[in-house]
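Colleague: following is a predicted model, sequence given first.
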Amino acid sequence: LDTESQSGPVGEKVTTKAKNISGYTLVKKPEQENFTLTESLQTVNYYYAKNTTVTAKYVDEVTNEEIAERVTISGKFGDSYKTCKKTIEDYDFTKVEGNVEGIMKGDPINITYYYRHKSKVTVNYIDKDTNEIIDKEQESFHEGDTYTSEERKYEDYKLIEKPEKETVTIGKEDITLNYY
């Protein structure tokens, strides 16, 4: 990374120092940093490792928007790292891209955890005269899924009204469909 030399008369005492090198971390110093100059060449080595980062992002698979705070792990070449998926309200984990754990190399490492938003679909079967719910069905689906509700037959009831749409595409909001 860098070389520096010092010279002087034989017998002179000199002190070497580690340098601050941007983007690198000192990992090993020589056992001795103070020397008395001799006629022979004396070599002193300081060892550095390249700094790097690991970034874990948490992303909505449909919109590609980040849905949780990203995690950044700072370290240096040779350090080990481990990232984890998060529990995110109203989302289910679906997949991950990148190595969730390993050894840091010189280049930054990016990991993306993907999630799909989940929403509820409620289907109410309602008595039109009393507005009482006589039956109810509730299920969870993921954004982008399609759901088709079905009319049901009940003793002493006749279907009067269906929802505007019986087939819906799931979004981020919960959906309620009513049959009367």
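Modeller: Perfect, I can see it now. Residues are numbered from 1 along each chain as shown.

Colleague: ends of stretch 76-85, what's the gap?
Modeller: 23 Å (CA to CA, to the nearest Å).

Colleague: so how far is that stretch off the chain centroid?
Modeller: 13 Å (CA atoms, centre = their mean, to the nearest Å).

Colleague: list the contacts of that stretch.
Modeller: With CB atoms under 8 Å, 6 or more residues apart in numbering as the test, stretch 76-85 has contacts from 24-25, 27, 49-52, 54, 56, 58, 71, 73, 75, 93, 96, 100-106, 109, 111, 113. In this view, the C-beta of every residue, glycine as well, is placed from N, C-alpha and C.

Colleague: do a quick rundown of the strands in this protein.
Modeller: Taking DSSP state E as the criterion, the chain contains strands spanning 13-15, 24-28, 34-36, 47-60, 66-76, 80-82, 91-97, 101-103, 109-126, 133-142, 146-148, 167-169, 175-179.

Colleague: could you dump these to JSON lines with mean neighbour count, mean pLDDT and distance to Asp2?
Modeller: Below are those laid out as JSON lines (neighbours: other CB atoms under 10 Å; pLDDT from 0 to 100; distance: least, CB to CB, whole Å):
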{"stretch": "strand 13-15", "mean neighbour count": "10", "mean pLDDT": "94", "distance to Asp2": "17"}
{"stretch": "strand 24-28", "mean neighbour count": "14", "mean pLDDT": "96", "distance to Asp2": "10"}
{"stretch": "strand 34-36", "mean neighbour count": "11", "mean pLDDT": "93", "distance to Asp2": "19"}
{"stretch": "strand 47-60", "mean neighbour count": "18", "mean pLDDT": "97", "distance to Asp2": "9"}
{"stretch": "strand 66-76", "mean neighbour count": "15", "mean pLDDT": "98", "distance to Asp2": "17"}
{"stretch": "strand 80-82", "mean neighbour count": "13", "mean pLDDT": "98", "distance to Asp2": "28"}
{"stretch": "strand 91-97", "mean neighbour count": "14", "mean pLDDT": "98", "distance to Asp2": "37"}
{"stretch": "strand 101-103", "mean neighbour count": "12", "mean pLDDT": "98", "distance to Asp2": "26"}
{"stretch": "strand 109-126", "mean neighbour count": "19", "mean pLDDT": "97", "distance to Asp2": "26"}
{"stretch": "strand 133-142", "mean neighbour count": "13", "mean pLDDT": "96", "distance to Asp2": "54"}
{"stretch": "strand 146-148", "mean neighbour count": "11", "mean pLDDT": "97", "distance to Asp2": "62"}
{"stretch": "strand 167-169", "mean neighbour count": "13", "mean pLDDT": "97", "distance to Asp2": "60"}
{"stretch": "strand 175-179", "mean neighbour count": "18", "mean pLDDT": "97", "distance to Asp2": "64"}
